[in-house]
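[1] What follows is a predicted protein model with its sequence.
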Amino acid sequence: EAQVTQNPRYLITVTGKKLTVTCSQNMNHEYMSWYRQDPGLGLRQIYYSMNVEVTDKGDVPEGYKVSRKEKRNFPLILESPSPNQTSLYFCASTIKGGDEQFFGPGTRLTVL
Amino acid sequence: AQSVAQPEDQVNVAEGNPLTVKCTYSVSGNPYLFWYVQYPNRGLQFLLKYITGDNLVKGSYGFEAEFNKSQTSFHLKKPSALVSDSALYFCAVRDITDKLIFGTGTRLQVFP
């Protein structure tokens, strides 16, 4: 089944404790991205990647890191999480120039 | 800069009645417009797109959208609403980096 998976689905952590949210897709898509969803703000892009070893900042990259060592994986790293990073996070993928983006199920992160 | 606006936070409609969820856009050049739906505890799902061609676009689950260039609108419509259509709907525009720029979302509530 074609899908985008994210782990964990739910995470509660404390300020300053490094964490990684994994994202994996099995559709051989070149393009992957991370979004955060906050009430009243919709979804905002954090980082994106056009292909392996090619990443770039989105609209709200501060406090986040990403890497793209393999085509299928695009982890999101929070080196020192803060409460303002409490949010719902979505990973998405598509072929380059593709119309439809495929979204993962989301990761709800709470930073205390 | 590209942007979309969804003027209604919530739309309420009775089952069987037609529904409209509004979206207006601001883009330079030709717009690439999308509608996505988010069911509770799920990721976003693609509904339909407008790239070029007919102004009336048909999508999944009986939804359609009307592109109006003079009014810079891309409203989502369905002739007869179902209770199962209740969800969060996002309008989006794609920019030249393939990033999706989302509206703030409209919650559709269909009452039996």
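    Okay, I see it.
[2] Could I get the full set of strands for chain B?
    Remark: strands of chain B, listed N- to C-terminal, are B:3-5, B:10-14, B:19-21, B:24-26, B:33-38, B:44-50, B:56-58, B:64-68, B:73-78, B:87-94, B:100-102, B:106-111; assignment by DSSP state E.
[3] Leaving out the residues flanking it, which one is nearest to the residue of chain A at minimum distance from chain B?
    For chain A, the residue closest to chain B is residue A:103, as judged by Cβ to the nearest Cβ, at 3.6 Å. Yep, even glycine has a C-beta here, placed from its N, CA and C like the rest. What sits nearest to residue A:103 in space, not counting adjacent residues and going by Cβ to Cβ, 6 or more residues apart in numbering or on different chains, is residue B:43, at 3.6 Å.
[4] cool, and residue A:71?
    Looking at residue A:71 with Cβ to Cβ, 6+ apart, the closest residue is residue A:52, at 5.4 Å.
[5] and what of residue B:38?
    With Cβ to Cβ, 6+ apart as the measure, residue B:88 is the residue that lies nearest to residue B:38, at 4.4 Å, once sequence neighbours are left out.
[6] which residues does that neighbour bridge with?
    Counting by DSSP bridges, residue B:88 forms beta bridges with residue B:38, residue B:107.
[7] To what extent is the closest residue to residue B:97 other than its chain neighbours buried, counted in neighbours?
    Computed as Cβ to Cβ, 6+ apart, the closest residue to residue B:97 that is not its neighbour in sequence is residue A:48, at 7.0 Å. Other residues near residue A:48 number 24, with proximity taken as other Cβ atoms under 10 Å in any protein chain shown.
[8] Now find how far off-centre the helix or strand hosting residue A:48 is within its chain.
    Following DSSP states H and E, one finds residue A:48 within strand A:42-51. Distance, stretch centre to chain centre, for strand A:42-51: 7 Å (Cα atoms, centre = their mean, to the nearest Å).
[9] following it, which helix or strand comes up?
    Tracing the chain C-terminally past strand A:42-51 and defining elements by DSSP H and E, one meets strand A:54-57 next.
[10] quick one: strands adjacent to that following strand?
    Strand A:54-57 sits in its sheet next to strand A:42-51 (antiparallel), going by DSSP bridges.
[11] now the strand holding residue A:48: mean pLDDT?
    The predicted model gives strand A:42-51 an average pLDDT of 93.
[12] correct me, but the residue nearest to residue B:38 touches residue B:105?
    Yes. The pair formed by residue B:88 and residue B:105 meets the contact definition of Cβ atoms under 8 Å, at 5.1 Å.
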